[in-house]
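S.K.: I'd like to go over a predicted model; first the sequence, then the structure.
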Amino acid sequence: MFCFLDFVQCHQCKHLPLLPAGLKYSAREATSQRVCVFACASSICSTSACWTLMTGERGEQSSGHSGEDHLQSMFLWQYLTLLLLPITVQICKAQRCEEFTDLDLSHAIIGTSLKLRLLLYTRHNATCGTLVSHSDLSKHPQFNVSRPTTFVIHGFRPTGSPPAWIQNLTKLLLARADHNVIMVDWNHGAANVNYFKAVENTRKAAENLTAFVEMMKERGASLGSVHMIGVSLGAHLSGFVGANMNGSIGRITALDPAGPQFTGSSPENRLDPSDAQFVDVLHTDMDALGFREPLGHIDFYPNGGADQPGCPKTVFSGGAYFKCDHQRSVWLLLDSLNRTCASRVYPCSSYKDFLSGDCLSCDRFGAAGCPVFGYDVTEWKDVLLRLGQTKTFFTTNAKSPFCMTGYRVEVMVWNKELRFGYITIKLHGKGEEAVATIDHKAAEFKKYSETRLLAQFDRDIQSVKKVSLKFSTGNPLKAKQKLSVLRIRLTHLERKERPLCRYDVVLQQNDEVTFKPIPCEDSNF
Ligand SMILES: [Ca+2]
Ligand SMILES: [Ca+2]
């Protein structure tokens, strides 16, 4: 008899065993039998395995044994199987990896009633969730309440599917710190085509979760080291839990908090800064599914907070049209957790003013400069708490790495006539280039007065060899204009290096001019 081992993930043990009805069956029948004979030898479930024993014709051919020998060997294996089976099933049960509830559209159409599941992940079980008891934490020795705990709370699930980012977020959170990550699975409750039902369940889920946080507190957990990351409805849900705990929870990170049914409501009925010691909020779809007004100590509005680059602009793009802007909030946080690159954010009253370069001063934050978006914004916590509520802006690329590189651009012209137009700047490095088009509005260029602009490049060119400039009026019917530039100065917003200058250059409309920049002189000119 030939047999071989097939490794099956431990959690699949729940589908096994498929015991044969009796011991007397032919070799051909045996081919289809899979028997879980031994499993989960290691303490870490994900790396352990069930050994699947398979026997069959392939074995017969390769071994060349007689049919009688084959049956004898097979019986031996079956007895072994029967002996080991109870142990196997028990071990498999004990170390089963719990998955996020996977529902489908039919559940969402019928509607689901609330069931809150808490899946614990730690550095010891980073990819294998443990279902945590709501009433007895002593069952889970790996849940060390003296460590910080991060709750991740999803939002509305109109199709019932698990969120796509669960594993990534868990993995990155655990890579950052040795703490408890609890994935709050309220898919039963959030999976409903009727959004209003899911909103109703938000409050109920919060009551449920509050009881759990209270139990953690009783067991000695410090609420100051509890962090809740709430997506959409999950953001308000976090706020309700926070309010129930009188704002003593350390931090709430809200990822595009839901707007519908919450916009215009009082602070008790939505997330607000009093719900936790520190509340940071990201707005990515404030014109549709998200919330427009600031809700935290710091509110981030990437790309203005309404529409995100790379997201479909028309309904013809299908489902992505509805969720792309909203879901971008999670991808942005993942990028910040990953430390892919850092996006500096600028306090400003409007996105338009930010794009015009009117809000690049970071003096109020001292030596640290303006805050950096994302997970590490707590480094600015003290000053942000002092400032009250800070509304900030930044721009991103259409995909990861999302961060852009900003330059302050100052242009002085000596044209007699007032000129209005757009500037495109290209930075050339060694074998790469980056482009920024400043076109959110026509900039005004007036003789001997300085025009300030913000240029945002998709990548950071470490050593700029050449610069190209193009001036356009956006009106092809107009006679060709020129812009006589007395000086253009480019200042990198992050690197403390001498700004790049070019003195005396004429830009003919729509003609690109390329030059080698020089370090600016110290004088104001
Ligand atoms: Ca509140
Ligand atoms: Ca939008």
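M.R.: Sure, I can see it. Numbering: from 1, shown residues only. Ligands and ions are numbered 1, 2, ... in the order given.
S.K.: tell me the contacts of residue 131?
M.R.: Counting by C-beta atoms under 8 Å, 6 or more residues apart in numbering, residue 131 makes contact with 98, 117-120. The C-beta positions use only the backbone N, C-alpha and C, and glycine is treated the same way.
S.K.: Which ones among those lie within strands?
M.R.: Using DSSP state E, 117-120 are the members of those that sit in strands.
S.K.: So which of those is the closest to residue 515?
M.R.: The nearest member of the ones in strands among the contacts of residue 131 to residue 515, counting by C-beta to C-beta, is residue 119 at 58.0 Å.
S.K.: Go ahead and confirm the closest one touches residue 96.
M.R.: No. Taking contacts as C-beta atoms under 8 Å, residue 119 lies outside contact range of residue 96: 11.8 Å.
S.K.: So for those two, which residue has more residues nearby?
M.R.: The residue with more neighbours, out of residue 119 and residue 96, is residue 119; 23 against 19, by other C-beta atoms under 10 Å.
S.K.: In this structure residue 445 contacts residue 414, no?
M.R.: No. Look at residue 445 against residue 414 with C-beta under 8 Å: they stay out of range, at 9.9 Å.
S.K.: The two: which is more packed in?
M.R.: residue 445 (24 against 13).
S.K.: What residues are bridge-paired with the more buried one?
M.R.: Listed by DSSP bridges, the beta-bridge partners for residue 445 are residue 419.
S.K.: so how far is ligand 1 from it?
M.R.: 48 Å (C-beta to the ion, to the nearest Å).
S.K.: shift numbering so it begins at 36
M.R.: Got it, first residue is 36 now, which makes that one residue 480.
S.K.: For that residue, report the pLDDT, please.
M.R.: Residue 480 carries a pLDDT score of 97 in this model.
S.K.: show me what contacts the residue in the stretch 386-535 of the chain positioned nearest to ligand 1?
M.R.: Nearest residue of the stretch 386-535 of the chain to ligand 1: residue 424, at 13.8 Å (C-beta to the ion). When contacts are counted by C-beta under 8 Å, 6+ apart, residue 424 touches 308, 329, 331-334.
S.K.: In the stretch 336-485 of the chain, what residue spans correspond to strands?
M.R.: Using DSSP state E, counting those that start in this stretch, the strands of the stretch 336-485 of the chain run over 381-382, 425-429, 440-448, 454-463, 468-480, 485-492.
S.K.: Include distance to residue 414 when you put the ones you listed into a markdown table, please.
M.R.: Formatted as a markdown table, these follow (distance: least, C-beta to C-beta, whole Å):
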| stretch | distance to residue 414 |
| --- | --- |
| strand 381-382 | 16 |
| strand 425-429 | 14 |
| strand 440-448 | 20 |
| strand 454-463 | 29 |
| strand 468-480 | 28 |
| strand 485-492 | 23 |
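S.K.: To residue 191, which of these lies closest?
M.R.: Comparing those by C-beta to C-beta, strand 425-429 comes nearest, at 25.3 Å.
S.K.: On the pLDDT front, check residue 507 for me.
M.R.: 95.
S.K.: surely it meets residue 545?
M.R.: Yes. Look at residue 507 against residue 545 with C-beta under 8 Å: they come within range, at 5.4 Å.
S.K.: The two: who's more crowded?
M.R.: Per other C-beta under 10 Å, whichever of residue 507 and residue 545 has more neighbours is residue 507, with 19 against 13.
S.K.: does that one have beta-bridge partners, and which?
M.R.: residue 457.
S.K.: Can you give me the distance of it to residue 472?
M.R.: Per C-beta to C-beta, to the nearest Å, residue 507 is found 9 Å from residue 472.
S.K.: what's the answer for residue 158, then?
M.R.: 45 Å.
S.K.: again with residue 134
M.R.: 46 Å.
S.K.: residues from the stretch 36-185 of the chain in reach of ligand 2?
M.R.: Residues of the stretch 36-185 of the chain lying close to ligand 2 by C-beta under 5 Å from the ion: none are found.
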